[in-house]
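[1] Sequence first, predicted coordinates after that:
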Amino acid sequence: MPILIFISLFTLLDFVVLFSLGSEIGLLTTLLLVLGTGFIGLHLIRKEGVSTFARARQRMQAGEIPSTELLTGAALIFGGALLMAPGFLSDALGLACLIPSARQLMFKALTWLGLKKVAAQQQGPNNSSAEPNEYHRSHSSQDDGAIEGDFISRDEPSRRR
């Protein structure tokens, strides 16, 4: 839910900045900038997506895990998509995804936020790791003859093997 609020507020702020700057620099200049960054973003998505996929395939054939190529490719595609979106803030964030040093900073920040969230979940007062095991134990004692992974409809009579 917080991510949806963040995306909504970012989009709203992006349009406010777009309309404010658009009224200052003029309609034609604003449209040219929005269309230009959109075409650049489309070109980057096509070019970098294919080249990143090729690099990942080469690393997989060499027996390596292409994690850095996949993260870089995802950041480049995300940056290209942000460049395609109308707005100057999304363009600035999209350009930041294209600059290697800024991309590394974003990876570190996302890793730090992810680790911080995992640590908070593990230290929280409501440790929810016991709940799935308790649920599994209480429901695994029921023997209805179904093999794990089989789907049996409630309308269908139970088949015993």
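    Arrived safely, thanks for sending.
[2] residues contacting L42?
    By Cβ atoms under 8 Å, 6 or more residues apart in numbering, L42 lies in contact with 80, 84. No exception for glycine: its C-beta is placed from N, CA and C like everyone else's.
[3] Tell me the secondary structure at it.
    Each residue gets one of three states, and L42 gets helix by DSSP: H, G, I helix; E, B strand; the rest coil.
[4] again with R46
    Under three-state DSSP, the three-state class of R46 is helix.
[5] number of nearby residues for it?
    12 (other Cβ atoms under 10 Å).
[6] Check the one 10 residues further on too.
    Here the number of neighbours of A56 (other Cβ under 10 Å) works out to 19.
[7] and if you look at R55?
    The tally of other residues near R55 (other Cβ under 10 Å) stands at 16.
[8] do I7 as well
    The local packing count at I7 equals 10, with neighbours defined by other Cβ under 10 Å.
[9] show me what contacts it?
    By Cβ under 8 Å, 6+ apart, I7 lies in contact with nothing.
[10] in what helix or strand does it lie?
    According to DSSP states H and E, I7 maps onto helix 2-25.
[11] if I read this right, G49 contacts A75, doesn't it?
    No. At 11.7 Å, G49 and A75 do not qualify as touching, with contact defined as Cβ atoms under 8 Å.
[12] one step back: quick check: buried residues in the helix holding I7?
    Buried residues in helix 2-25, counted by 16 or more other Cβ atoms under 10 Å: 14-15, 18, 22.
[13] I'm done for today, thanks for sticking with me.
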